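Chemist: Need the 3D shape of this:
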Amino acid sequence: VIHSRTDIRRHYTSPSSESDQAIAFRRRIIAIAVLGTLNLAVVEASTSTTGRRSLDLTYQHGLDVDTLAKSIEEAQSPNVDISHSMLGDEVSYKLFKKCLDACDDLESFASAANGLTHRTATRILERLLTASLQKLDLSWNNLEIHGSAAKLFHEALLELLQSPSGCPTTLILDRCSLGPADCRAMGKGIIQRFSEDRNATASCISLSLCGNPAMGDSGMAAIAATLRSTANHPVLDRLDLSGCNIGDAGAEALAMAIDSWQCCVVKHLDLSNNKISHRGAESLARSLGDARRRMKDSIVMESLDLSNNPVGDLGMEALSLHAFRAVPSFTLRSCGIQADGAACVGDGLRELLNAAERPNFSIDLSGNPFGILRAKLKSGGKASRLKSKASETAASYVNQGIGFIKKGLKDVGVDIGAAEDSDD
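Modeler: Below is the predicted model:
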């Protein structure tokens, strides 16, 4: 790098008439190209010497398409990532075809944030029908589409998802400006995929659609209708709908779909960063509890993420009462759960511990204001008795805990006095 920098200064000195800003810009462009080439050399050397199976070509703004294509051809890697390079439609599709030609067993291809439009996305989806890709990432590309061109894109989505052999096991379309019509097209493809004549060869897929706020409750309703129509088969290994502007109506539509499930249709569901309040959480909790009993105490869903939704204490009460045995892993970060909700969590955990067969269970409650035990000073300077915002049951547990701590400290010679008389 030092020699390259020296060569730039020696060989690319511009005429005196050129401004200093232009000279600096020229040298910067050359430096980007030099460092990009060095990066490719390091990638190719490590691939050949260590047998690494991934080719990372992200952020390659200074390299031309022929250099990138040559690197792909020489590496012959089954995992290629050309994301965040703003390559555009034609270059991205050319590199995609080069990946398919260079490696017969291409496993994953990522072209996120490359300025793709629906036209190139459609061509890529159609090309995958004759490939065996396991993972496709087209996130951070604006695929919003209207009119007659939407029909071609939706047909490509439908054909890909209904294909048991051509559809990738992981499809990532995060922040692609997708809407309800796209959800309906994907839903039709999934229904066809698990129809009776294809069910023998169809496998579960992972679908990531986070950050598409145009979907809203209508898109959630379309997906829920799909999950209701495939209630007898495991369909999705992972479904990410975080940040999709889903509210209580969408949550209730999903709850209606869960009411018809005969098995674990979705293993891992992410509904974080939406607008689901205690009403939507209550609907989901009751449906999950009913499904568990209908499935003879089997797990309905392996994990559920409701983080950054205004679930509150009432929603937490419903989840702890109905859903703790149906879902062994919950993530409820920053859901506005206060002390009463925390007391409900305690009640639910105690029921799990007292069960004949203790299930494995995990819950993440980070970022929730559980309620505070505040010591208010009297006029005489002494603290009044600590009062909990939680229920009387929770308050009694707190006092028992304080007494246990006091006894342990007293045994080692430390006396903190009565709780009502001590600021400590």
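Chemist: got the residue ranges for the strands in the stretch 251-400 of the chain?
Modeler: For the stretch 251-400 of the chain, applying DSSP state E, counting those that start in this stretch gives strands covering 266-270, 303-305, 329-331, 362-364.
Chemist: show me what contacts Leu143?
Modeler: By CB atoms under 8 Å, 6 or more residues apart in numbering, the contact list for Leu143 reads 116-118, 121, 153, 173, 176-178, 182. The way it works is simple: take the backbone N, C-alpha and C, and place the C-beta from them, glycine included.
Chemist: Same check on Pro213?
Modeler: Residues near Pro213 by CB under 8 Å, 6+ apart: 243-245.
Chemist: coming back round to it: now, which of the contacts of Leu143 lie within helices?
Modeler: When the contacts of Leu143 are checked against helices (DSSP state H), the matches are 118, 121, 153, 182.
Chemist: could you dump those to CSV with pLDDT?
Modeler: Output for the ones in helices among the contacts of Leu143, formatted as CSV (pLDDT from 0 to 100):
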residue, pLDDT
His118, 91
Ala121, 93
Phe153, 92
Asp182, 95
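Chemist: ok, so of the residues you listed, who is nearest Leu349?
Modeler: For these, the residue nearest Leu349 by CB to CB is Asp182; the value is 40.1 Å.
Chemist: Find the residue at the geometric middle of the protein.
Modeler: The centre of the chain sits closest to Asp240, judged by CA atoms, centre = their mean, with a distance of 4.9 Å.
Chemist: Look up how far Gly315 lies from Asp270.
Modeler: As judged by CB to CB, to the nearest Å, Asp270 and Gly315 stand 17 Å apart.
Chemist: quick one, which of the two is more surrounded?
Modeler: Remark: of Asp270 and Gly315, Gly315 carries more neighbours, 28 against 22, as counted by other CB atoms under 10 Å.
Chemist: contacting residues for the closest residue to that one other than its chain neighbours?
Modeler: Closest residue to Gly315 apart from its sequence neighbours, by CB to CB, 6 or more residues apart in numbering: Ala281 at 3.2 Å. Listed by CB under 8 Å, 6+ apart, the contact partners of Ala281 are 251, 306, 309, 311, 314-316, 318-319.
Chemist: Could you report the neighbour count for Ala355?
Modeler: Burial of Ala355 is recorded as 10 neighbouring residues (other CB under 10 Å).
Chemist: Also the one 5 residues further on?
Modeler: A total of 7 residues lie near Asn360 under the criterion other CB under 10 Å.
Chemist: got a list of what it touches?
Modeler: Counting by CB under 8 Å, 6+ apart, Asn360 has contacts Pro328.
Chemist: Then Glu252?
Modeler: For Glu252, the contacting residues are 279-280, 283, by CB under 8 Å, 6+ apart.
Chemist: Tell me how far it lies from Leu288.
Modeler: For Glu252, the distance to Leu288 (CB to CB) stands at 13 Å.
Chemist: ditto for Asp313
Modeler: 19 Å.
Chemist: So between those two, which is more surrounded?
Modeler: Each of Asp313 and Leu288 has its neighbours counted (other CB under 10 Å); Leu288 has more, 24 against 21.
Chemist: is it true that that one touches Ser298?
Modeler: No - counting by CB atoms under 8 Å, Leu288 does not reach Ser298; the two are 11.7 Å apart.
Chemist: Now Ser320: closest residue in space, sequence neighbours ignored.
Modeler: Sequence neighbours aside, Gly348 is the residue nearest to Ser320 in space, at 3.2 Å (criterion: CB to CB, 6+ apart).
Chemist: scratch that, Asp248 is what I was asking about
Modeler: The spatially closest residue to Asp248, leaving aside those adjacent along the chain, is Gly280, at 3.9 Å (CB to CB, 6+ apart).
Chemist: what residues are up against that neighbour?
Modeler: 247-248, 250-252, 255, 309, 315.
Chemist: ok, so of those, who is nearest Pro168?
Modeler: Nearest to Pro168 among those: Gly250, at 25.8 Å, using CB to CB.
Chemist: Doesn't the closest one lie inside a strand?
Modeler: No - applying DSSP: H, G, I helix; E, B strand; the rest coil, one finds Gly250 to be helix, outside a strand.
Chemist: separation between Asn79 and Leu57?
Modeler: 11 Å.
Chemist: How about Ser206?
Modeler: Look at Ser206 and Leu57: by CB to CB, they are 24 Å apart.
Chemist: Same check on Ala156?
Modeler: Distance, Ala156 to Leu57, using CB to CB: 25 Å.
Chemist: Kindly report the same for Ile299.
Modeler: Per CB to CB, Ile299 is found 41 Å from Leu57.
Chemist: which of these two has more neighbours?
Modeler: Counted by other CB under 10 Å, Ile299 and Leu57 do not tie: Leu57 has more neighbours, with 25 against 17.
Chemist: Could you double-check that the more buried one sits in contact with Thr67?
Modeler: No - contact criterion CB under 8 Å: Leu57 and Thr67 do not qualify, at 9.8 Å.
Chemist: any low-confidence regions in the protein?
Modeler: Along the chain, the model assigns pLDDT under 70 to residues 1-18, 26, 28-52, 61-62, 196-201, 372-424.
Chemist: mind listing the helices for the stretch 1-150 of the chain?
Modeler: Using DSSP state H, counting those that start in this stretch, the helices of the stretch 1-150 of the chain run over 2-11, 20-50, 65-75, 88-102, 118-127, 148-162.
Chemist: got it, and the stretch 301-424 of the chain?
Modeler: 312-322, 339-353, 392-411.
Chemist: on contacts alone, who are the packing partners of the second one?
Modeler: What it means is helix 339-353. Where contact means 3 or more CB pairs under 8 Å, 6 or more residues apart in numbering; DSSP states H and E, helix 339-353 is packed against helix 312-322, helix 392-411.
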